[in-house]
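In: The sequence and its predicted three-dimensional model are supplied below.
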Amino acid sequence: MKKPLVVLYISLALLTCLILMGVFIPESLERITSSTQSFITNTFGWYYLGIVSVFVIVLIYLLVSPVGKIKLGKQDDKPEFSRPTWLAMLFSAGVGIGLIFYGTFEPISHFAISSPTGELGTEQGIKDAMRFTFFHYGIHPWAIYGSIALTLAYFTFRKGEPGLISKTLRPLIGRHADGAVGRVIDVVAVISTVMGVATSLGFGAMQINGGLSYLFGIPSNIMTQTMIILVVTVLFMISTLTGIGKGIKILSNFNMGLSVLLFFVVLFLGPTLFILNLFMDTLGTYFHNFIQMSFRSAPVNEETRSWIDSWTIFYWAWWIAWSPFVGVFIARVSKGRTIREFVLYVLLAPSLISFLWFTTFGGAAISTELSGVLSISKLLPEESLFGLLESYPFSIGFSILAIVIIVTFFVTSADSGTFVLGMMTTNGSQNPTKGIKVTWGIILSVTALALLYSGGLLALQNTMIIAALPFSVILGFMVFSLIKSLQQEKKEMGIGQLRFTEKKEDNK
């Protein structure tokens with residue numbers, strides 16, 4: 001067995017066991033994942049809140065630090081992609097299906113079903129619903145993505161390490177990064193990645209099914225979702241085999257364009273002034289309550305604590321489980337950018353786009369709910385977007401457009417996922433073979449189906465939270481390793497030389 005493929009074989013063996021459990025003993029798998037998930041959220045909720053806040057603090061420090069002018073690569077390296085294409089690719093990989101699935105459902109859920117503060121259906125309830133949605137899709141998740149992506153890009157392009165999670169820990173564990181310890185770390189990263197991507201694929205299949213059911217009466221069940229995943233698997237396999245410079249790039253730009261079109265439709269054909277005023281108000285309350293929300297754990301309020309477990313802890317676990325995939329992908333397309341530019345755009349630009357999206361779709365949904373035209377809160381989560389669009393002119397056409405967007409996000413997420421998993425299991429190869437990518441494409445689809453079959457949405461969420469816990473520890477050490485290496489480089493260069501480099505860069 002070739003050494004670089006050890007991680008591949010071990011990961012495939014573990015995932016095969018999970019898939020077989022989902023097929024042959026789905027009830028047992030659902031029961032095991034549910035009890036484990038409950039233990040983790042009850043015991044380690046404080047830990048998730050703390051470590052994600054640390055990632056935010058570290059990136060803000062790097063943004064203003066003199067080391068921000070250090071390039072992710074050699075000093076004369078240029079970015080491979082234009083800035084708009086780069087932003088489209090990282091945004092498609094980073095939020096994708098989650099933005100479409102929760103864009104309408106989360107704000108209306110916080111407003112009308114389960115409030116984070118107990119203010120259901122009130123004016124204050126609208127404000128609370130929106131600011132907590134901003135919280136879940138803003139700076140914190142992108143700090144998770146940015147931490148792992150920045151660490152990988154720095155060690156890969158500046159230090160010449162293979163693009164593997166284990167190699168970024170060399171400053172801490174030395175030669176063990178190349179041995180058994182390193183391979184265990186990479187296996188954990190692979191399993192976490194598969195769980196994160198498979199969960200999003202499951203959400204995507206459920207929402208496509210929900211749209212088809214809402215519009216055309218097609219049954220919403222595991223058989224329909226299986227057919228959807230099989231069809232989309234063929235599509236993303238075709239895209240995967242064309243390579244990152246073609247398939248992923250073209251699809252990222254394409255679904256970004258379609259998403260912008262749908263965004264403007266909902267904004268300008270809906271309650272435009274209400275949405276714009278809600279955006280400005282929520283932006284202010286989000287930053288005003290930023291620190292309090294970051295550490296909110298409600299130790300003496302069981303109901304609020306349960307809400308935090310179901311939403312905030314779930315999201316932090318999702319982002320952490322999703323982060324190896326997003327991190328490796330963002331690192332791969334970010335060569336040649338400075339640390340400061342990287343942090344500024346990765347931390348703030350996608351957050352602002354998410355804020356605009358959620359205010360538009362969530363605000364329109366709340367306005368529709370208040371008007372009494374349609375009770376969107378009574379729809380299934382995967383149907384809420386289509387319920388909102390029903391209140392718009394040309395609703396069938398716009399709903400079909402939404403399904404196309406979900407499919408393209410589905411394809412780009414799976415496409416990027418196969419590429420990243422190929423890199424992670426072939427010793428960091430920047431161009432994994434087609435056979436490896438096809439193998440991972442099949443595994444991702446089958447894993448999503450196994451989790452859906454074993455318990456639907458609940459099994460997807462439970463498995464993801466479980467996978468995130470061990471990887472969060474690795475991610476914490478990665479950030480520590482990055483800081484240590486940057487401080488060493490700063491010391492070797494000297495403050496004077498670093499400032500000279502900054503002036504030289506500014507004059508280009």
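Out: Structure's in. What do you need?
In: Let me see the ranges of the helices in the stretch 351-500 of the chain.
Out: 384-390, 395-424, 434-493, 495-506 (DSSP state H, counting those that start in this stretch).
In: Relative to Asn255, which of those helices is closest?
Out: Asn255 lies closest to helix 395-424 among the helices of the stretch 351-500 of the chain, at 3.7 Å (C-beta to C-beta). From N, CA and C alone the C-beta is placed, and that goes for glycine too.
In: okay, the angle between the closest one and helix 434-493?
Out: For helix 395-424 and helix 434-493, the angle between their directions (axes from the mean of the first three to the mean of the last three C-alpha atoms, to 10 degrees) works out to 70 degrees.
In: ok, back up a step: pick the most deeply packed of the helices of the stretch 351-500 of the chain.
Out: Highest mean neighbour count of the helices of the stretch 351-500 of the chain: helix 384-390, a mean of 26 (counted as mean count of other C-beta atoms under 10 Å).
In: And that helix, how far out from the chain middle?
Out: Computed by C-alpha atoms, centre = their mean, to the nearest Å, the separation of helix 384-390 from the middle of its chain amounts to 24 Å.
In: Kindly report the same for stretch 363-373.
Out: Mean C-alpha position of stretch 363-373 versus that of the full chain (C-alpha atoms, centre = their mean) differs by 28 Å.
In: Pull out the buried residues from that stretch.
Out: Neighbour-count burial for stretch 363-373, counted by 16 or more other C-beta atoms under 10 Å, picks out 363-369.
In: Can you show me the helices along the stretch 201-350 of the chain?
Out: Under the criterion DSSP H, counting those that start in this stretch, the stretch 201-350 of the chain carries helices at the ranges 222-240, 249-268, 272-288, 290-294, 302-308, 314-332, 339-371.
In: could the ones you listed go into TSV alongside mean pLDDT and distance to Ile100?
Out: Conversion of the helices of the stretch 201-350 of the chain to TSV gives the following (pLDDT from 0 to 100; distance: least, C-beta to C-beta, whole Å):
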stretch	mean pLDDT	distance to Ile100
helix 222-240	84	14
helix 249-268	84	8
helix 272-288	97	18
helix 290-294	96	24
helix 302-308	92	23
helix 314-332	85	15
helix 339-371	93	9
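In: would you list those helices in JSON lines and tack on distance to Ala402?
Out: As requested, the helices of the stretch 201-350 of the chain are arranged in JSON lines below (distance: least, C-beta to C-beta, whole Å):
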{"stretch": "helix 222-240", "distance to Ala402": "15"}
{"stretch": "helix 249-268", "distance to Ala402": "6"}
{"stretch": "helix 272-288", "distance to Ala402": "18"}
{"stretch": "helix 290-294", "distance to Ala402": "30"}
{"stretch": "helix 302-308", "distance to Ala402": "28"}
{"stretch": "helix 314-332", "distance to Ala402": "22"}
{"stretch": "helix 339-371", "distance to Ala402": "10"}
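In: Select, out of those helices, the one closest to Ser65.
Out: The closest approach between Ser65 and any of these, judged by C-beta to C-beta, belongs to helix 339-371 at 8.3 Å.
In: relative to helix 272-288, how tilted is that closest one?
Out: Relative orientation of helix 339-371 versus helix 272-288 (the same axes, to 10 degrees): 130 degrees.
In: Show me how far helix 339-371 is from its chain's centre.
Out: 14 Å.
In: buried ones in it?
Out: Per 16+ other C-beta under 10 Å, helix 339-371 contains these buried residues: 339-347, 349-351, 353-369.
In: ok, Gly163 - contacts?
Out: 152, 156, 328, 331-332, 423-424, 428-430 (C-beta atoms under 8 Å, 6 or more residues apart in numbering).
In: what about the chain, any weak spots by pLDDT?
Out: When residues are selected by pLDDT under 70, those of the chain lie in 1-4, 91-97, 240-249, 251-252, 455-460, 494-508.
In: and the gap between Lys159 and Leu215?
Out: When distances are taken as C-beta to C-beta, to the nearest Å, Lys159 and Leu215 turn out to be 52 Å apart.
In: nope, Thr233 is what I was after
Out: Taken as C-beta to C-beta, the spacing of Thr233 relative to Leu215 amounts to 23 Å.
In: Then Phe135?
Out: When Phe135 is compared with Leu215 (using C-beta to C-beta), they lie 32 Å apart.
In: more crowded one of these two?
Out: Phe135 (21 against 18; other C-beta atoms under 10 Å).
In: Is the more buried one in contact with Met293, as I believe?
Out: Yes. The criterion here is C-beta atoms under 8 Å, and Phe135 meets it with Met293 at 4.9 Å.
In: Now Ile25, what are its backbone angles?
Out: Reported as degrees, to the nearest 10, the phi and psi values for Ile25 are phi -130, psi 60.
In: and it, how many neighbours?
Out: For Ile25, the tally of surrounding residues (other C-beta under 10 Å) stands at 13.
In: Among the helices of the stretch 201-350 of the chain, show me which one is buried the most.
Out: Per-stretch averages of neighbours, counted by mean count of other C-beta under 10 Å, single out helix 314-332 among the helices of the stretch 201-350 of the chain, with a mean of 27.
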